[in-house]
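Enquirer: no sequence for this one, just the structure:
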């Protein structure tokens with residue numbers, strides 16, 4: 001098993017990574033950013049929704065920009081000091097959250113070629129391990145090259161309710177699991193396949209991956225393997241990675257499903 005996340009996810013060259021789902025999106029974003037920056041890349045971490053203001057150990061600096069012109073100017077200056085930093089459209093002092101950019105701004109920024117990698121948290125989940133997206137979600141930029149859906153394996157065996165699942169009623173409609181019933185691997189695999197199809201249509205990414213987080217017990221690792229096997233039958237994914245982002249070596253298993261996907265239609 002390769003030790004780094006970027007090797008297991010196949011992050012070579014340059015690109016835009018959109019992270020969706022629940023159960024560890026922010027942790028994955030900043031861990032990927034650190035690995036990519038340490039490998040000599042320039043990296044921007046940002047959001048198209050809202051995230052907590054990055055801590056100094058996550059991002060050495062966070063800039064605010066109200067326009068694409070201001071974003072380019074401030075980014076150019078910041079890159080002289082740091083290979084990685086974060087950016088947002090504004091800051092909400094009440095919620096202590098960084099407000100994100102719209103999809104078009106991310107598209108425009110990528111075309112300036114300022115960064116080797118832009119990592120976008122493109123979904124919100126209210127810190128719950130599972131979610132179902134509403135009609136306006138996720139907010140995936142069109143230039144997305146890598147789509148990564150995160151799911152928390154700590155949801156396996158829990159009841160389907162609003163305490164454990166963001167928009168539990170929608171999750172129930174998507175999976176057929178009744179409110180109050182136990183969430184199993186089949187339900188999670190079904191939900192992931194639906195969300196991947198929906199999000200993939202927004203950006204037509206070149207690679208689509210799933211990261212099953214919080215695999216910190218043998219039982220959860222087995223659940224991850226079962227979900228990966230089920231997804232092999234349900235969706236056109238490149239890889240399903242089972243791991244624990246809090247561990248020094250985060251990847252526990254990497255299941256390759258499809259080596260190649262159809263290239264983005266540029267017509």
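Expert: Yes, it's here. The model shown is predicted, which means the values in this text are computed figures rather than measured ones.
Enquirer: let me know the pLDDT of the closest residue to residue 234 other than its chain neighbours.
Expert: Spatially, and ignoring its direct neighbours in sequence, residue 234 is nearest to residue 193 (3.9 Å; CB to CB, 6 or more residues apart in numbering). For glycine as for every other residue, the C-beta is placed from the backbone atoms N, C-alpha and C. Looking at residue 193, its pLDDT stands at 94.
Enquirer: helix, strand or coil: sort out residue 193 for me.
Expert: Using DSSP: H, G, I helix; E, B strand; the rest coil, the structure places residue 193 in helix.
Enquirer: number of nearby residues for it?
Expert: 20 (other CB atoms under 10 Å).
Enquirer: contacts only, for it.
Expert: 231, 234-235 (CB atoms under 8 Å, 6 or more residues apart in numbering).
Enquirer: same deal with residue 61?
Expert: Residue 61 sits next to 78, 81-82, 85-86 when contact means CB under 8 Å, 6+ apart.
Enquirer: narrow those to those in strands?
Expert: Among the contacts of residue 61, the members falling in strands (DSSP state E) are 85-86.
Enquirer: about what we covered before: of the contacts of residue 193, just say which sits nearest to residue 101.
Expert: Residue 101 lies nearest to residue 235 out of the contacts of residue 193, by CB to CB, at 28.4 Å.
Enquirer: pretty sure the closest one contacts residue 192?
Expert: Yes - with contacts counted by CB atoms under 8 Å, residue 235 reaches residue 192, the gap being 7.3 Å.
Enquirer: between these two, which has more neighbouring residues?
Expert: Between residue 235 and residue 192, counting by other CB under 10 Å, residue 192 is the more crowded of the two (25 against 22).
Enquirer: please tell me I have it right and that one contacts residue 231.
Expert: Yes - at 6.2 Å, residue 192 counts as touching residue 231 under the criterion of CB under 8 Å.
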